[in-house]
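Undergrad: Sequence and computational prediction follow.
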Amino acid sequence: MIVYQDLLSGDELLSDSFPYKELFNGVLWEVEGKWVVQGAVDVDIGANPSAEGGDEEGVEDQAVKVVDIVDTFRLQEQPPFDKKQFLGYVKRYIKNLATKLSEERQAEFKKNVEGAAKMLVSKLSDLQFFVGESMHDDGSMVFAYYKDGATDPTFLYFADGLKEVKC
């Protein structure tokens with residue numbers, strides 16, 4: 001199994017269990033999330049509580065609906081950004097990340113990141129923002145939105161901000 005860690009904070013943000021599609025020449029990864037139900041399992045053991053003098057109500061249902069990626073990697077939702085705050089974050093993030101990349105990759109990244117950032121700004125009002133478990137200030141941010149008519153969220157990652165770790 002391959003886990004993708006945030007290059008700046010070390011938080012686990014994704015794994016190869018979730019296939020991705022590259023956007024903007026690999027600057028962004030697009031990953032489909034799914035709503036899943038956790039908790040309550042309905043087990044029919046064939047008993048009839050009322051006939052056996054038991055309680056008919058049973059145990060309270062503890063089912064919870066969660067998004068698989070958010071739950072698996074313990075992503076922490078952040079408050080929304082306005083355009084000025086978002087652009088400030090993106091500029092700081094690109095500056096911090098660029099120092100961690102090879103010179104060859106830096107050139108490719110800088111060439112394509114502008115288009116990716118413009119796409120994110122165009123969806124700004126529809127985005128949800130997540131960070132890794134440590135909530136590191138300068139770490140990667142994970143963006144989620146719902147495509148037209150979709151019931152499950154789509155996540156966007158800055159691919160160059162992820163480090164591949166084999167488990």
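TA: The structure has been received and is ready for your questions. Residues are numbered from 1 along each chain as shown.

Undergrad: all helices for this structure, in order.
TA: Ranges of helices in the chain, per DSSP state H, are 68-72, 83-98, 103-122.

Undergrad: The first one packs against which elements?
TA: The criterion is 3 or more Cβ pairs under 8 Å, 6 or more residues apart in numbering; DSSP states H and E, and the helices and strands that helix 68-72 contacts are strand 35-38. Yep, even glycine has a C-beta here, placed from its N, CA and C like the rest.

Undergrad: model confidence over the strand it packs on, on average?
TA: Per-residue pLDDT over strand 35-38 has a mean of 92.

Undergrad: before we move on, the earlier item: pick the most deeply packed of the helices of the chain.
TA: Highest mean neighbour count of the helices of the chain: helix 68-72, a mean of 18 (counted as mean count of other Cβ atoms under 10 Å).

Undergrad: picking that back up, could you dump the helices of the chain to JSON lines with mean pLDDT?
TA: Listed next are the helices of the chain as JSON lines, based on pLDDT from 0 to 100:
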{"stretch": "helix 68-72", "mean pLDDT": "96"}
{"stretch": "helix 83-98", "mean pLDDT": "94"}
{"stretch": "helix 103-122", "mean pLDDT": "93"}
